[in-house]
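# everything below, folded, please.
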Amino acid sequence: MKLKLFFLLSVLLSEGLFGDLISEIKQIENKPIILLKFPNYNFFEMPKIKVKAKKAIKPHFKVLAIFDNSVFINGKWYKVGDVVYGFRIVKIYDNRIVVKRDGKFYVVRLKVE
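Numbering: from 1, shown residues only. Below is the predicted model:
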């Protein structure tokens, strides 16, 4: 079977059916080879990205009173779960509260004058 296939291909090539293809291949062989140079880069290493860190915004409000699981902040009463200036109240203690914003926890103490 291989012999028949080889014979058939040799006949086709000799008759010029693939003559154009062979001439194109010879033209490509005669052209100079251009080597591309790539920068020295490690493709397996993660690229270093510079990211500016956001400044942590600390609570700027004042806790004026705490009474019965409620807190008095800037003239208004709040409970656990309420949001004050973007900070969610997580826990209310006797002398301080814990608030959360952007995954960070802050403690705001009762202002005593």
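
# what is the burial count for residue 61?
16 (other CB atoms under 10 Å). Using the backbone N, CA and C atoms, a C-beta is placed for each residue, glycine as well.

# does it touch residue 73 like I think?
Yes. Using CB atoms under 8 Å, residue 61 is in contact with residue 73, at 5.1 Å.

# what's the overlap in contacts for the two?
The overlap between the contact sets of residue 61 and residue 73 (CB atoms under 8 Å, 6 or more residues apart in numbering) consists of residue 84.

# how far away is residue 106 from residue 44?
41 Å (CB to CB, to the nearest Å).

# same check on residue 79?
Distance from residue 79 to residue 44, by CB to CB: 53 Å.

# what about the two, which has more around it?
More crowded of residue 79 and residue 44, by other CB under 10 Å: residue 79, with 11 against 5.

# nearest residue to that one other than its sequence neighbours?
Once flanking residues are discounted, residue 79 sits nearest to residue 70: 5.6 Å by CB to CB, 6 or more residues apart in numbering.

# extract the C-alpha trace of the strand or helix carrying residue 71 and format it as CSV.
Here residue 71 sits within strand 70-73, counting by DSSP states H and E. What follows is strand 70-73, C-alpha atoms only, in CSV (Å, rounded to 0.1, in the frame of the first residue of the first chain):
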residue,chain,number,x,y,z
SER,A,70,-28.3,52.0,72.2
VAL,A,71,-25.7,54.6,71.5
PHE,A,72,-26.1,58.4,71.1
ILE,A,73,-23.9,59.7,68.3
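
# direction included, what does it pair up with?
With DSSP bridges as the test, strand 70-73 is paired with strand 63-67 (antiparallel), strand 76-78 (antiparallel).

# of those, which shows the lowest average pLDDT?
Of all these, strand 63-67 carries the lowest average pLDDT, namely a mean of 90.

# show me which residues of it are buried.
Buried residues in strand 63-67, counted by 16 or more other CB atoms under 10 Å: 63, 66.

# what does it contact?
With contact meaning CB under 8 Å, 6+ apart, strand 63-67 is reached by 71-74, 92-97, 108-111.

# before we move on, back to that, next up, the contacts around the residue nearest to residue 79.
77-79, 92.

# can you pull up the bridge partners for residue 63?
The residues that residue 63 bridges to, once DSSP bridges is applied, are residue 73, residue 110.
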